[in-house]
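1. Fold the following, please.
(one chain, ligands or ions: 1)
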Amino acid sequence: MTDGRSRLTVLAGPTAVGKGSVAADIREHHPEVWISVSATTRSPRPGEEDGVHYHFVSDEEFDRMVAEGELLEWATVHNSARYGTPRRAVEEVLATGRPAMLEIDLQGARQVRRTMPEALFVFLAPPSWEELVRRLVGRGTEDEEERARRLATAVEELAAETEFDVSIVNHEVHASAEELVALMRLGRGNSAPGHPSGHPS
Ligand code: 5GP
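-> Numbers count the residues shown, from 1 in each chain. As a prediction, this is how the structure comes out:
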């Protein structure tokens, strides 16, 4: 791109594949990468801080954000809480040219695909279905019924891989994080997939 704006990167993938861990690794090792802080209606988990991990908001506040067009995308995830990306922060960071990333669910990624098709869409894939099941069970944060629901969603989510520009197989979190940052560097000058750096689409 020629105007100094950076290209947004959107990281999505099935439940329990490790998107959150990859984002946390990038936050730790690559402070130059800006990662959007989403708004959510779910309650904070132990150790989560408002404004750092999420902006924890009420249902009424989330309704207001949606009504006023403050969210770039939003979705109800796992039939429970709502999550959304505050638009203004993303626009401001892209304008500075700083590498910027969203870690969101598939429904959100599809919305961004419609409104910002020039973004780089990265799918984080599990090494295998068995490994995805193992990670979901091993995490131990969901009960049996919730796990079954998330696995059903994961089947559909895996089928969406072909909608993405590129896939990273998440064998190991740090390696995946490094691969993603390297991709972001490569994609920096591109305004659209398939367009070489410096040639606006
Ligand atoms: P958790 O509650 O475990 O932090 O996140 C649950 C899911 O919500 C994850 O799949 C995560 O990618 C997704 N998520 C987090 N923030 C956003 C957001 O702003 N928009 C959308 N669409 N999904 C999000």
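
2. Skip the chain neighbours and tell me the closest residue to the residue in the chain positioned nearest to the ligand.
-> As assessed by Cβ to the nearest ligand atom, the ligand sits closest to G108 within the chain, at 2.4 Å. Using the backbone N, CA and C atoms, a C-beta is placed for each residue, glycine as well. Using Cβ to Cβ, 6 or more residues apart in numbering and skipping residues adjacent in sequence, the residue nearest G108 is E73, 4.3 Å away.

3. And the one you found, how close does it get to A175?
-> Remark: distance between E73 and A175 (Cβ to Cβ, to the nearest Å) = 28 Å.

4. who has more neighbours, these two?
-> Neighbours per residue, other Cβ atoms under 10 Å: of E73 and A175, the larger number sits with E73, 24 against 14.

5. Checking the more buried one next. Helix, strand or coil?
-> Using DSSP: H, G, I helix; E, B strand; the rest coil, the structure places E73 in strand.

6. Does it touch R113 like I think?
-> No: taking contacts as Cβ atoms under 8 Å, E73 lies outside contact range of R113: 9.4 Å.

7. Please look at D50 and F56 and confirm they touch.
-> Yes: assessed by Cβ under 8 Å, D50 is found in contact with F56 at 5.1 Å.

8. Overlap in contacts, those two.
-> P44 (Cβ atoms under 8 Å, 6 or more residues apart in numbering).

9. Between the two, point out the one with more neighbours.
-> Between D50 and F56, counting by other Cβ under 10 Å, F56 is the more crowded of the two (17 against 11).

10. Flag every residue of this structure that's near the ligand.
-> Neighbours of the ligand within the chain, by Cβ under 6 Å from any ligand atom: 15, 19-20, 38, 42, 73-75, 77, 83-85, 103-105, 107-108.

11. if I pick the residue most central in space within the chain, what's in contact with it?
-> The chain has E103 as the residue nearest its centroid, 1.6 Å off, counting by Cα atoms, centre = their mean. Neighbour list for E103: 11-12, 19-20, 22-23, 35-36 [criterion: Cβ under 8 Å, 6+ apart].

12. Redo these as a markdown table? Include distance to E145.
-> Listed next are the contacts of E103 as a markdown table, based on distance: Cβ to Cβ, whole Å:
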| residue | distance to E145 |
| --- | --- |
| L11 | 28 |
| A12 | 24 |
| K19 | 23 |
| G20 | 22 |
| V22 | 27 |
| A23 | 27 |
| I35 | 31 |
| S36 | 31 |
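
13. Next step: the residues you listed restricted to helices.
-> With DSSP state H as the criterion, helices contain 19-20, 22-23 from among the contacts of E103.

14. In ChimeraX, how would I select just the buried ones from these?
-> Only the buried entries of the ones in helices among the contacts of E103 go into this ChimeraX selection, using 16 or more other Cβ atoms under 10 Å:
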select :19,22,23
